[in-house]
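Undergrad: give the three-dimensional model of this entry:
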Amino acid sequence: MTTGEADLRIPPSSPAGTSWRYGLALPLQVGPETAAIFCNIRAGFHDFEAGNDVLLFSDASDIRAEHALPINRNHKEPYPGTGQPSIMVKYPCRGGFVPWGAKLEDGSAHPHAGTGFSVTQVLAWPVGGPTAYRVSEHYEYLELHQYSYDGKNFRIVSTERIQENQLLPGWVLSNPPIRNAIPDGEDLLMGMAGGKVSLARWMANPEEAKVGAGLTRWRWGSEGWRPVSFVPITPLDGSFEPSVIRDLDGSLLFLARGREGPIRVWRSADGGRTWKKIIHVVGESSASVISLNQAADGTPYVATNLYDVLLRPIPERFRPKKNSEGVIRGAPVGREKLCLWPLNADRNGLEVPILVRDSEKEFGLPPSGGTWNVDHPSAMTVRLRDQQWHNIMAMRICDHGEVQAGCLPAPQTGTYVEEVISDGTAIPQWKF
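TA: Residues are numbered from 1 along each chain as shown. Take a look at the predicted model:
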């Protein structure tokens, strides 16, 4: 993987006196030679975000903050039940798009080419509060955005506020994926957390509220893109932030983040109706953000942080804390080294990991004296102006002290967009 400097740092819409920085980003194709990234804006500590932008590019050199189109921003409204002012915080956009000019496998024009969607979680925070409302006070909803692109203009067609239990009848869908959707005929497939209750309720009471991760099928209709089905895949163990790819043989592969950082992959040979777990590895990765991706030549790979015990002291406030059982993890955060784990040819295990970013080696110690975050890797193979297919990976790099303690952004903080290189012949993701 290439290892350049930050491509996006300060959003052009940053209010005076703030320390907004670009962070999480997810790439996708929007035209025959044009890609885009949904890019989240971070505004403060403890995951206090500010909203999202979308940026179009036809070459890596085109990725510039001045090209940003705002999608949403935080707003204030009364907190339900008390009427007290609260801040509705907008989390990253995740979704899918049928590129303008796309064709179906038979060569006919894709009927929904030039349209797409994204889903944003919106969480209520007390004004001036250190975190979002917790447990019984927790309140959130989803923003569903519909988009269009005609080869020149990318447009936000509509924004709809939807409760988690109203997106798909019979299910509570939350926590969209760490990778954008993939095509399946005229539909789009995307992972989400789902169950009969919300992920937030599961976190409050795991014994009572069961939720896991699964696959949603999105279909175009009179109201734009909407989910029409959800198939649970993981156990009801609070799995979240899933990702799905299509393997070289046409089967679907699925991964979801779990507690304590296992690498787990499921496979479906019947279009996503039934699933079997084929890989379960523990001890290699940290309990951080994880995604399943695919190189330009079709090689599946897992991207996440290597489990790594620090060999130097860090300030007390960043040291690991004991859990309710008195257990302490050996690594304080575990997001300093980003690795790629290719799946083996038999799809029943992982190859030796490839270290692609070692933040302390690249940048030295972070300003806080703690550790770096090199996290939220999300990749998609897209075709650009050179008519070639590129596996583009976006990630966030920041001083962990910005997240944990509200430290000012480091000079390196921002969104990094790189390319994962593979030796085989590129496999087109769309037909144009």
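
Undergrad: could you list every residue that touches the spatially closest residue to P92 that is not a sequence neighbour?
TA: Nearest residue to P92, sequence neighbours excluded (CB to CB, 6 or more residues apart in numbering): N40, at 4.0 Å. C-betas here are computed from N, CA, C, even on glycine. For N40, the contact set (CB atoms under 8 Å, 6 or more residues apart in numbering) comprises 22-25, 49, 51-52, 91-93.

Undergrad: distance of R94 from P126?
TA: For R94, the distance to P126 equals 26 Å [CB to CB, to the nearest Å].

Undergrad: same check, this time on P78
TA: Counting by CB to CB, the separation of P78 from P126 is 12 Å.

Undergrad: which residues do those two both contact?
TA: In contact with both P78 and P126: 84, 86, using CB under 8 Å, 6+ apart.

Undergrad: more neighbours: the two, which one.
TA: More crowded of P78 and P126, by other CB atoms under 10 Å: P126, with 16 against 11.

Undergrad: do you know the pLDDT at the residue lying closest to that one once chain neighbours are set aside?
TA: Nearest residue to P126 in three dimensions, chain neighbours excluded: S86, at 5.9 Å (CB to CB, 6+ apart). We have a pLDDT of 94 for S86.

Undergrad: picking that back up, and which of the contacts of N40 is nearest L365?
TA: G23 (20.8 Å; CB to CB).

Undergrad: that closest one belongs to a helix?
TA: No. The assignment for G23 by DSSP: H, G, I helix; E, B strand; the rest coil gives strand, which leaves it out of any helix.

Undergrad: give me the neighbour count for the residue nearest to P126.
TA: S86 has 22 nearby residues by other CB under 10 Å.

Undergrad: again, but for D237
TA: D237: 15 neighbours (other CB under 10 Å).

Undergrad: for my notes, confirm it occurs in a helix.
TA: No. Applying three-state DSSP, one finds D237 to be coil, outside a helix.

Undergrad: state the helix or strand in which the nearest residue in space to D47 that is not next to it in sequence lies.
TA: Distance criterion CB to CB, 6+ apart; nearest residue to D47, sequence neighbours excluded, is V403 at 7.1 Å. Secondary structure assignment for V403, by DSSP states H and E: helix 400-405.

Undergrad: how far does that helix sit from its chain's centre?
TA: Here helix 400-405 is found 20 Å from its chain centre; the criterion is CA atoms, centre = their mean, to the nearest Å.

Undergrad: give the buried residues for that helix.
TA: Using 16 or more other CB atoms under 10 Å as the test for burial, helix 400-405 gives 400-404.

Undergrad: tabulate the residues you listed (a markdown table), appending pLDDT and distance to V244.
TA: Output for these, formatted as a markdown table (pLDDT from 0 to 100; distance: CB to CB, whole Å):
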| residue | pLDDT | distance to V244 |
| --- | --- | --- |
| H400 | 94 | 29 |
| G401 | 94 | 34 |
| E402 | 95 | 31 |
| V403 | 92 | 27 |
| Q404 | 89 | 31 |
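
Undergrad: and those as TSV, adding distance to L253?
TA: Below are the buried residues of helix 400-405 laid out as TSV (distance: CB to CB, whole Å):
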residue	distance to L253
H400	31
G401	36
E402	33
V403	30
Q404	33
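
Undergrad: circling back: what distance do you get for the residue nearest to D47 to I87?
TA: Per CB to CB, V403 is found 18 Å from I87.

Undergrad: quick one: low-confidence residue ranges for the stretch 151-300 of the chain.
TA: Where the stretch 151-300 of the chain drops to pLDDT under 70, the residues are 198-209.

Undergrad: would you map the helices across it?
TA: 199-204 (DSSP state H, counting those that start in this stretch).

Undergrad: so the residue nearest to P126 makes contact with H75?
TA: No. In this structure, S86 is not within contact of H75 by CB atoms under 8 Å, at 9.9 Å.

Undergrad: dump the residue contacts of D53.
TA: 11, 13, 22, 38-39, 41, 68-71.

Undergrad: could you dump the helix or strand where it lies to CSV, C-alpha only?
TA: D53 is part of strand 48-57, with elements assigned from DSSP H and E. The C-alpha trace of strand 48-57 is given here as CSV (Å, rounded to 0.1, in the frame of the first residue of the first chain):
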residue,chain,number,x,y,z
PHE,A,48,-18.1,14.2,18.9
GLU,A,49,-18.5,14.6,15.2
ALA,A,50,-19.7,17.6,13.2
GLY,A,51,-21.2,16.1,10.0
ASN,A,52,-20.2,14.8,6.6
ASP,A,53,-19.0,16.0,3.2
VAL,A,54,-18.7,14.2,-0.1
LEU,A,55,-15.7,14.8,-2.4
LEU,A,56,-15.5,13.6,-6.1
PHE,A,57,-12.2,12.8,-7.8
